[in-house]
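>>> I'd like to go over a predicted model; first the sequence, then the structure.
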Amino acid sequence: METAAEPILRVAAVCGSIRKASFNRGLLRAAAEVCEESIPGLRIDHLDISDLPLMNPDLEIVTDGVKSFPPVVEAFRDKVRQADCILFAAPEYNYSIASPLKNALDWASRGKNCWADKPAAIVSAGGGFGGGRSQYHLRQVGVFLDLHFINKPELFVPAFQPPPKFDSDGNLIDAGIREELKHVLLSLQAFTLRLHKKE
C-alpha cells in the first residue's frame with residue numbers, strides 16, 4: 001500500500017545581518033544545502049531584508065480604509081504570508097536583536113500581522129553565548145507576533161572559538177554544527193506538519 005508523500009514545506013529564511021559574509025547568513029545557506037541533500041520535504045527561500053526602509057507609518061497609504069505599503073515592503077510581506085514556516089538567523093547586537101531584523105519584524109506585523117500562527121525556529125552565530133540573548137529577545141517579540149517557536153533543539157554557534165566554524169566568506173565548514181542544524185530543521189519540519197494537521 002502506497003503512503004501519501006509528505007508535502008513540501010516552504011521555509012522563509014530571514015537573516016538579521018545584511019553583511020554579505022555574515023556567519024548567520026552562512027547558517028541559512030547551509031540550511032538550504034542540508035535540505036537539498038537530506039530533507040526533501042523542506043524548501044528554503046531566503047527573504048532579503050536589506051532593501052526594506054526603516055519602519056515609518058508615514059510611508060503607509062490608506063485608500064478607502066485599506067492600508068498599503070511601499071512595493072518592497074509589500075513584496076516582503078507577501079513572501080512571509082506564503083511561507084509555511086520561518087527560519088530566523090539572529091545575530092546578537094548589544095545583547096539584543098539586530099536592527100535590520102527588528103525592522104523586518106515590525107513591517108510584516110503592520111496592519112494584518114503576516115507572522116501570526118507561523119511555526120518558527122531560530123539559529124544564531126556570534127561571540128560569547130553564540131547569539132543566545134538575541135534568540136531569547138526574539139522569542140519575547142514572537143509572543144506578541146503569535147509566532148510558534150520550536151523549543152528544542154537550540155543552536156548557538158560560538159563563531160570565534162577554535163576550531164574555525166566558518167570560512168572567510170561566511171560559509172559553514174564545521175560538520176558537527178551542520179549536523180546540529182539538520183536536527184533543528186527536522187524539528188521545525190515535524191512541528192509545522194503537526195500544526196498543519198490541526199487546521
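Happy to help now that I have it.
>>> quick one, strands of this structure?
Across the chain, reading from the start of the chain, the strands by DSSP state E fall at 9-15, 42-47, 61-63, 66-68, 85-89, 92-93, 96-97, 119-126, 148-149, 155-158.
>>> bridged to the residue positioned nearest the centre of the chain, which residues?
Most central in the chain under Cα atoms, centre = their mean is Phe88, positioned 2.1 Å from the mean C-alpha point. According to DSSP bridges, the residues that bridge with Phe88 are Val14, Ile122.
>>> distance of it relative to Ser99?
If you measure Phe88 against Ser99 using Cβ to Cβ, to the nearest Å, the figure is 14 Å. No exception for glycine: its C-beta is placed from N, CA and C like everyone else's.
>>> what residue ranges in the chain score low on pLDDT?
Under the criterion pLDDT under 70, the flagged ranges of the chain are 1-6, 198-199.
>>> please enumerate the helices of it.
23-38, 71-82, 99-109, 132-145, 175-197 (DSSP state H).
>>> can you put the ones you listed in TSV and add distance to Gly65?
Supplementary listing: these in TSV, determined by distance: least, Cβ to Cβ, whole Å:
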stretch	distance to Gly65
helix 23-38	37
helix 71-82	17
helix 99-109	19
helix 132-145	24
helix 175-197	32
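>>> any chance of a markdown table for those helices, columns mean neighbour count and distance to Pro119?
Compiled in a markdown table, the helices of the chain are given as follows (neighbours: other Cβ atoms under 10 Å; distance: least, Cβ to Cβ, whole Å):
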| stretch | mean neighbour count | distance to Pro119 |
| --- | --- | --- |
| helix 23-38 | 20 | 15 |
| helix 71-82 | 16 | 13 |
| helix 99-109 | 21 | 15 |
| helix 132-145 | 18 | 11 |
| helix 175-197 | 16 | 4 |
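>>> so which of those gets nearest Phe156?
Closest to Phe156 of the helices of the chain is helix 132-145 (Cβ to Cβ; 4.7 Å).
>>> okay then, goodbye and thanks.
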